[in-house]
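Student: Following is a predicted model, sequence given first.
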Amino acid sequence: MLRKIKHSIKQVFHFSNRESNSLLAMVAFMLVAVIAPKVVQLYYSYKPDHGADTVLLEKQLALLQANRDRLVPLDINSTTAEPLLAIEGMTQPLALRILRYRDKLGGFIAVDQYKEVYGLSGRLRAKLIQRTTILKKHPPKKLSLNQATFKRLAAHPYISYPMAQAIIDYRKRKGKFTTLRTIQTLPGYHPDWGKKVMPYFSL
């Protein structure tokens, strides 16, 4: 077919073989120069934007993760501050204060203890109760009545300095505690206090 086109050019324009070849080359170049950009433009206009698809997928996954986090209660005795910040109204200082109080206690054993965290409003406390849980597989850390030092005892939020000293004095006078209920004989003991602190004691 190319030979027929070349022969026709020679007859019409009376070109030599060299001139006919040059004209064909020029025409071919012009066709490539004009058509190629159009083809590239069409290709990219129909090519899927995988980058946009990836961003959309990541947003959907993040949304699913956020919904899952809202539905699954946080274990208050193992959580870190970051998940607590997802609770509406929670600030980083408050989240850290909750965790510090938890660690001083040895772990929360009831949601009523959230009332004991300074600066926690009733509204935020209600949201904290709604979004958290206390798992039985995380029992509170125990204080040994027979081994804990005065400093360690007094550091617990439920044990005052006088009560910590009473425990130390009992050990000095009578030796080791043989039962947990022996704390009922200590000076300053009150049943309400005993009910709160007993889960945190061991012999």
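Tutor: Nice, thanks for sending it over. Numbers count the residues shown, from 1 in each chain.
Student: Sketch out the low-pLDDT regions of the chain for me.
Tutor: Applying pLDDT under 70 to the chain flags the ranges 1-54, 56-71.
Student: what are the ranges of the strands in it?
Tutor: Secondary structure of the chain by DSSP state E: the strands cover 74-75, 132-133, 143-144, 201-202.
Student: Can you tell me which helices and strands the last one packs against?
Tutor: Just to be clear, that refers to strand 201-202. Strand 201-202 sits against strand 143-144, with contacts defined as 3 or more C-beta pairs under 8 Å, 6 or more residues apart in numbering; DSSP states H and E. For the C-beta atoms, the positions are set from N, CA and C on the backbone; glycine is no exception.
Student: on contacts alone, who are the packing partners of the strand it packs on?
Tutor: Using 3+ C-beta pairs under 8 Å, 6+ apart: strand 143-144 touches strand 201-202.
Student: coming back round to it: as CSV, the strands of the chain with distance to Y170 and mean neighbour count would be great.
Tutor: Below are those laid out as CSV (distance: least, C-beta to C-beta, whole Å; neighbours: other C-beta atoms under 10 Å):
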stretch, distance to Y170, mean neighbour count
strand 74-75, 36, 16
strand 132-133, 37, 17
strand 143-144, 13, 17
strand 201-202, 13, 18
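Student: Those strands into JSON lines, with extra columns for distance to Y158?
Tutor: Shown next, in JSON lines, are those (distance: least, C-beta to C-beta, whole Å):
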{"stretch": "strand 74-75", "distance to Y158": "22"}
{"stretch": "strand 132-133", "distance to Y158": "21"}
{"stretch": "strand 143-144", "distance to Y158": "10"}
{"stretch": "strand 201-202", "distance to Y158": "10"}
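Student: out of these, nearest to R171?
Tutor: The closest of the strands of the chain to R171 is strand 143-144. By C-beta to C-beta, the value is 10.7 Å.
Student: circling back: and of the strands of the chain, who's closest to Q165?
Tutor: Ranking these by proximity to Q165 (C-beta to C-beta) places strand 143-144 first, at 14.7 Å.
Student: ok, and what's touching that closest one?
Tutor: Applying C-beta atoms under 8 Å, 6 or more residues apart in numbering, the contact partners of strand 143-144 are G106, R152, L153, H156, I159, Y200, F201, S202, L203.
Student: dump the residue contacts of the first one.
Tutor: G106 makes contact with P140, K141, K142, L143, H156, Y200 under the criterion C-beta under 8 Å, 6+ apart.
Student: From the residues you listed, pick the one nearest G188.
Tutor: Distances from G188 to these, taken by C-beta to C-beta, are shortest for H156, at 15.0 Å.
Student: Hmm, D75 is touching H138, no?
Tutor: Yes - counting by C-beta atoms under 8 Å, D75 touches H138, with 6.8 Å between them.
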